[in-house]
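J.: next come a sequence and a model predicted from it.
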Amino acid sequence: MLYYCMDCKRVFNNSSECTYCSCNNVKKLNQNAPVNVIGSKIKGRILKAKSDNVRLIYVDSHKNTIIKDFDVDKIRKIL
């Protein structure tokens, strides 16, 4: 089960508080939620979430649909 902080929008596994900013304003991250890969221009939706990996589905610049795995600490929630 993955959660995200409402303040810094970072994704993590702990449900009690944010591991990055120590905030208690935490919500559950649902499947098909829009996310961003930190450090790149990739924006996609969550296809499947495991404990430490997230499988994203996104469309590249040539209109190809791509499914790729990313680490949880490289994902950020989009509004």
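T.: Received, thanks.
J.: was I right to think residue 12 contacts residue 22?
T.: No. Using C-beta atoms under 8 Å, residue 12 is not in contact with residue 22, being 11.5 Å away. Where C-beta positions appear, they are placed from N, C-alpha and C, glycine not excepted.
J.: looking at those two, which is more packed in?
T.: Neighbour tally, residue 12 and residue 22, criterion other C-beta atoms under 10 Å: the higher count belongs to residue 12, 18 against 9.
J.: give the contact list for that one.
T.: Residue 12 is in contact with 2, 3, 4, 5, 18, 19, 20, 72, 73, counting by C-beta atoms under 8 Å, 6 or more residues apart in numbering.
J.: what about it, distance to residue 52?
T.: Per C-beta to C-beta, to the nearest Å, residue 12 is found 10 Å from residue 52.
J.: same question, residue 22
T.: For residue 22, the distance to residue 52 (C-beta to C-beta) stands at 21 Å.
J.: helix or strand: which one has the residue with the largest distance to the centre of the chain?
T.: Going by C-alpha atoms, centre = their mean, the residue of the chain most distant from its centre is residue 62, 23.2 Å out. Per DSSP states H and E: residue 62 is located in neither a helix nor a strand.
J.: equivalent analysis for residue 30, please.
T.: Assigned by DSSP H and E, residue 30 falls outside every helix and strand.
J.: with just CA atoms, put stretch 51-67 into PDB.
T.: Output of stretch 51-67 as PDB, limited to C-alpha atoms (Å, rounded to 0.1, in the frame of the first residue of the first chain):
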ATOM      1  CA  SER A  51       6.000  -2.400  -1.900                       C
ATOM      2  CA  ASP A  52       9.100  -0.700  -3.400                       C
ATOM      3  CA  ASN A  53       8.300  -0.500  -7.200                       C
ATOM      4  CA  VAL A  54       5.600   1.300  -9.200                       C
ATOM      5  CA  ARG A  55       4.500   0.300 -12.700                       C
ATOM      6  CA  LEU A  56       3.600   3.400 -14.700                       C
ATOM      7  CA  ILE A  57       1.800   3.700 -18.000                       C
ATOM      8  CA  TYR A  58       2.700   6.800 -20.000                       C
ATOM      9  CA  VAL A  59       2.700   8.100 -23.600                       C
ATOM     10  CA  ASP A  60       6.000   9.300 -25.100                       C
ATOM     11  CA  SER A  61       6.500  12.100 -27.700                       C
ATOM     12  CA  HIS A  62       5.800   9.700 -30.600                       C
ATOM     13  CA  LYS A  63       2.400   8.700 -29.200                       C
ATOM     14  CA  ASN A  64       3.600   5.300 -28.100                       C
ATOM     15  CA  THR A  65       2.100   3.800 -24.900                       C
ATOM     16  CA  ILE A  66       4.900   2.500 -22.600                       C
ATOM     17  CA  ILE A  67       4.700   0.500 -19.400                       C
END
